[in-house]
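1. Fold the following, please.
(chains A, B, C and D)
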Protein chains: 2
Amino acid sequence: MGDKFEKVKTFYFSLWPSLNEDNWSAFEKRLIVKKYEKGNYILRPGEVCNCISFINYGLVRSYYLVDGREITTNFFVEDSVFSNYQSFLSRTPSLLYTDVLEDTEVIDVDYDSLQYAYENIPDSERVGRLVAEQLYILLSARNASLLMETPEQRYIKVLQEKPDLIRRVPQYMVASYLGVTPEALSRIRSRISKRNAELLSDTSSR
Amino acid sequence: MGDKFEKVKTFYFSLWPSLNEDNWSAFEKRLIVKKYEKGNYILRPGEVCNCISFINYGLVRSYYLVDGREITTNFFVEDSVFSNYQSFLSRTPSLLYTDVLEDTEVIDVDYDSLQYAYENIPDSERVGRLVAEQLYILLSARNASLLMETPEQRYIKVLQEKPDLIRRVPQYMVASYLGVTPEALSRIRSRISKRNAELLSDTSSR
DNA sequence: GTTATTTATTGATTCAAATCAATGGATTGT
DNA sequence: ACAATCCATTGATTTGAATCAATAAATAAC
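-> Okay, here's the model as predicted:
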């Protein structure tokens, strides 16, 4: 009958090999279920992020606002985890907005609960380390992509790696994720489809 | 008489409160001293970074090479720690060069030694987590700076926060750290000094 | 189903920064 | 001390992407 904690439990067990049912039930007691409607904000600049959220269903986004222009840093979909990790860790105000692109349900672990886990649940420090390391690796890859690849290369990668995202998210948000204007992304797309059309009709290529 | 491990010992004790002399001497046995001469490379793209290095003295730099153009990601000076952390953690080939800007001596912890510490020295997991978290916060701030600030703002910040670096590093490397060409940085500098000159001579401002 | 609003596309124009080019200054090596 | 190389500055030109503007398509609201 739709246990809200089913998916998040599977998720935490998968990355926490030594977790047992007793530890889990102590941990689960501290989890918080929240729902957000499309168009609302989960976090705004100036607020301190106080939780790490597993997404049961839905879609959210993080972005900077730089003189009126949105710069999207990430999209997060169901069955994954999001946070403003920098604000969460440093206990300092966020620079990012987090807004809700589709009605969303999350399961939150707040900061104190995580500290509780670190003190009381075996191996949780190791899990915390591994998670921090994984997030570092991800951020580092995103960084390298922004510095080394063209917007077109990034777009093609998104097409391949997250094709569903392209369908669920307005194009101007994808553009701001790629680091270009909506007009520029539109031109990138037409360039790509033109190239593909030529490849198909080009007999001289063989 | 210049114990090479003096500074690195102080460093590790400062971030590892429960470290004791016994643990330290077990750990110290595994440390490796290395020297590099100016102009050489510590790491090249394709190689896996296998250590975390404390700098006894010297200056090194990490950079991407994108169609012949250098993009500096970081400078590291004496008494600090550097690594290609992404490569080190993921055990995958580096995308970065690390080169030596001044003759440098480092104390290395290699990957296996760190795993040894995690298994055998109490609290080391927690230290590993805190370090990973701090590095995440730093990378995140660098990221935000590249997305939100102008090259001029970044230059002024470097001037304030790392004035010695400006003196020790060629300007074209600083330019590539700020994300502009050497010519552009030169113009930024002349713009700034012109503004300062105007401020000093401008009587109408009061 | 129709209207209204938002989003995407396309073209024309503007602009900021890169490139190109030349000179002068600084540093390095012998 | 000298030559040679490297680096920084300045000006002229080019270029790629942003902006501006208008239209078309898609989506949402009624």
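
2. near chain B, which residues of chain A?
-> Contacts of chain A with chain B, taken as CB under 8 Å from any CB of the partner chain, map to A:64, A:66, A:71, A:73, A:85-86, A:89-90, A:95, A:118, A:125-126, A:128-129, A:132-133, A:135-137, A:139-144, A:146-148. Placement of C-beta: from N, CA and C, glycine included.

3. nearest residue to A:I121 other than its sequence neighbours?
-> A:N23 (5.0 Å; CB to CB, 6 or more residues apart in numbering or on different chains).

4. how about the helices in chain A?
-> Along chain A, counting by DSSP state H, helices occupy A:6-15, A:21-28, A:85-90, A:111-120, A:124-148, A:151-161, A:163-168, A:171-178, A:182-201.

5. closest to A:F54 out of those helices?
-> helix A:6-15 (4.4 Å; CB to CB).

6. The closest one versus helix A:124-148: what angle between them?
-> 90 degrees (axes from the mean of the first three to the mean of the last three CA atoms, to 10 degrees).

7. ok, and for helix A:6-15, which residues are buried?
-> Buried residues in helix A:6-15, defined by neighbour count with 16 or more other CB atoms under 10 Å in any protein chain shown: A:K7, A:V8, A:K9, A:Y12.

8. ChimeraX command for the buried members of the residues of chain A next to chain B?
-> A single ChimeraX command is used to select the members of the residues of chain A next to chain B judged buried by 16+ other CB under 10 Å:
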select /A:64,71,73,85,86,89,90,95,125,126,128,129,132,133,135,136,137,139,140,142,143,144,146
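
9. now the buried residues of helix A:6-15 as a markdown table including distance to A:Y36 and pLDDT?
-> Output for those, formatted as a markdown table (distance: CB to CB, whole Å; pLDDT from 0 to 100):
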| residue | distance to A:Y36 | pLDDT |
| --- | --- | --- |
| A:K7 | 17 | 94 |
| A:V8 | 16 | 94 |
| A:K9 | 21 | 94 |
| A:Y12 | 22 | 91 |
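
10. Which residues are in contact with the residue in chain A that DNA strand D sits nearest to?
-> Closest to DNA strand D within chain A is A:A184: 3.3 Å, counting by CB to the nearest atom of the strand. Shown in contact with A:A184 (CB atoms under 8 Å, 6 or more residues apart in numbering or on different chains): A:P151, A:A175.

11. Now stretch A:155-174 - C-alpha only, CSV.
-> Extracted in CSV, the C-alpha atoms of stretch A:155-174 (Å, rounded to 0.1, in the frame of the first residue of the first chain):
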residue,chain,number,x,y,z
TYR,A,155,24.2,19.1,-25.3
ILE,A,156,25.0,15.9,-27.2
LYS,A,157,26.1,14.3,-23.9
VAL,A,158,22.9,15.3,-22.2
LEU,A,159,20.9,13.9,-25.1
GLN,A,160,22.7,10.6,-24.7
GLU,A,161,23.0,10.3,-20.9
LYS,A,162,19.7,11.9,-19.8
PRO,A,163,17.3,11.8,-22.8
ASP,A,164,14.3,11.9,-20.5
LEU,A,165,15.4,15.2,-19.1
ILE,A,166,15.2,16.8,-22.5
ARG,A,167,11.6,15.8,-22.6
ARG,A,168,10.7,16.9,-19.1
VAL,A,169,12.5,20.2,-19.0
PRO,A,170,11.9,23.5,-21.0
GLN,A,171,14.6,24.1,-23.5
TYR,A,172,15.6,27.4,-22.0
MET,A,173,16.5,25.7,-18.8
VAL,A,174,18.6,23.2,-20.6
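
12. And the contacts of it?
-> Against stretch A:155-174 from outside (CB under 8 Å, 6+ apart): A:59, A:61, A:70, A:72, A:75, A:77, A:101-102, A:145, A:149, A:177-178, A:182, A:185-186, A:188-189, A:192.

13. contact partners of stretch A:13-31?
-> A:5, A:8-9, A:12, A:107-110, A:113, A:116-117, A:120-124, A:127, A:130-131.

14. now it: how far from the chain's centre is it?
-> 23 Å (CA atoms, centre = their mean, to the nearest Å).

15. what does stretch A:116-126 give?
-> 25 Å.

16. pLDDT on it, on average?
-> Confidence over stretch A:116-126 (mean pLDDT, whole number) is 91.

17. which outside residues touch it?
-> A:16-19, A:23, A:26-27, A:30, A:128, B:118, B:125-126, B:129.

18. Let me have these in a markdown table, adding distance to DNA strand D as columns.
-> Formatted as a markdown table, the contacts of stretch A:116-126 follow (distance: CB to the nearest atom of the strand, whole Å):
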| residue | distance to DNA strand D |
| --- | --- |
| A:W16 | 38 |
| A:P17 | 42 |
| A:S18 | 45 |
| A:L19 | 40 |
| A:N23 | 43 |
| A:A26 | 42 |
| A:F27 | 37 |
| A:R30 | 36 |
| A:G128 | 38 |
| B:Y118 | 41 |
| B:E125 | 43 |
| B:R126 | 43 |
| B:R129 | 38 |
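
19. Contacting DNA strand C as well, which ones from those?
-> Among the contacts of stretch A:116-126, no residue lies close to DNA strand C (CB under 7 Å from any atom of the strand).

20. from these, which is closest to A:G39?
-> A:R30 (29.1 Å).

21. For that closest one, what are phi and psi?
-> As for A:R30, its main-chain torsions (degrees, to the nearest 10) stand at phi -90, psi -10.

22. Bridging across strands, which residues link to the residue nearest to the spatial centre of chain A?
-> The centre of chain A sits closest to A:F76, judged by CA atoms, centre = their mean, with a distance of 3.2 Å. In this entry, A:F76 is beta-bridged to A:V60, by DSSP bridges.

23. ok, it touching A:Y57?
-> No - assessed by CB atoms under 8 Å, A:F76 is found out of contact with A:Y57, at 11.7 Å.

24. And the pLDDT at the residue nearest to the centre of chain A?
-> In this model, A:F76 carries a pLDDT of 96.
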